[in-house]
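>>> no sequence for this one, just the structure:
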């Protein structure tokens with residue numbers, strides 16, 4: 001058996017233990033203070049998470065708040081998506097938006113309407129997506145109604161006539177070429193339940209929703225308004241966007257590519 005001596009572990013003094021407890025409690029309180037607004041709406045209201053300023057926030061405050069929205073009677077066909085040609089260029093609205101939002105656009109026929117291929121810098125995910133028209137490949141890029149049709153129905157469109165709904169369903173201001181899976185994940189969700197994973201686009205996304213709702217006199221739920229304000233709080237200089245209603249003039253080179261980039265344009 002070893003005859004060596006073992007030293008006793010040092011025991012912190014009562015004062016040191018007290019200081020440790022204070023530091024731990026302070027760190028815990030700080031962490032809770034940071035996280036609480038994101039898990040507790042009342043706390044978020046108290047801490048100002050839903051207080052936003054700026055041009056878009058000003059328009060948001062003008063929207064009617066309706067906590068009793070109903071989706072009763074909703075049918076997607078009521079909005080006549082792709083059944084009108086409001087700009088009179090003879091092109092399907094899906095091809096109009098593809099031509100507007102994609103880079104390096106090629107058409108099936110030079111100077112025509114039908115987009116054969118292009119590259120999308122997806123605003124929802126930030127990914128670069130190669131679009132190629134085809135039965136199995138076209139759905140990689142889908143056209144999203146930024147304010148979903150069912151959301152519009154719930155927030156006022158159920159009272160519109162057909163002409164108004166068709167105008168809304170085919171309005172380029174409310175249409176974006178986006179990643180197909182992201183569009184399907186969003187579904188009919190409002191900003192209260194879904195935002196793009198690409199955080200850099202969230203301010204523009206909410207600004208577009210506010211612009212569309214203001215243009216058509218649509219309401220927001222209390223939760224929707226708070227979610228929008230929480231995003232806009234981080235971008236007080238965000239402007240209300242408008243978008244080109246038609247793609248850039250169909251100037252194409254002999255090989256069928258656009259002579260000029262047709263990436264998305266946001267005009268304030």
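Everything's here; your move. This is a predicted model, so every value here is computed, not measured. Numbers count the residues shown, from 1 in each chain.
>>> Show me what whichever strand in the chain runs longest is packed against.
The single longest strand within the chain, with elements called by DSSP state E, is strand 115-121. With contacts taken as 3 or more C-beta pairs under 8 Å, 6 or more residues apart in numbering; DSSP states H and E, strand 115-121 sits against helix 93-101, strand 103-107, strand 128-132, strand 175-179. Yep, even glycine has a C-beta here, placed from its N, CA and C like the rest.
>>> so which of those gets nearest residue 62?
Nearest to residue 62, of all the helices and strands packed on strand 115-121, is strand 175-179, at 23.3 Å by C-beta to C-beta.
>>> Now tell me what touches whichever helix or strand comes after the closest one from outside.
Using DSSP states H and E, the helix or strand that follows strand 175-179 towards the C-terminus is helix 180-186. With contacts defined as C-beta atoms under 8 Å, 6 or more residues apart in numbering, helix 180-186 is touched by 122, 124-125, 139-142, 144, 148, 194, 196-197.
>>> Of these, which count as buried by neighbour count?
122, 124-125, 140-142, 144, 148, 194, 196 (16 or more other C-beta atoms under 10 Å).
>>> re earlier: how about the helices and strands packed on strand 115-121 in a markdown table, adding mean pLDDT, mean neighbour count and distance to residue 152?
Shown next, in a markdown table, are these (pLDDT from 0 to 100; neighbours: other C-beta atoms under 10 Å; distance: least, C-beta to C-beta, whole Å):
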| stretch | mean pLDDT | mean neighbour count | distance to residue 152 |
| --- | --- | --- | --- |
| helix 93-101 | 97 | 23 | 16 |
| strand 103-107 | 97 | 19 | 29 |
| strand 128-132 | 98 | 16 | 26 |
| strand 175-179 | 98 | 24 | 13 |
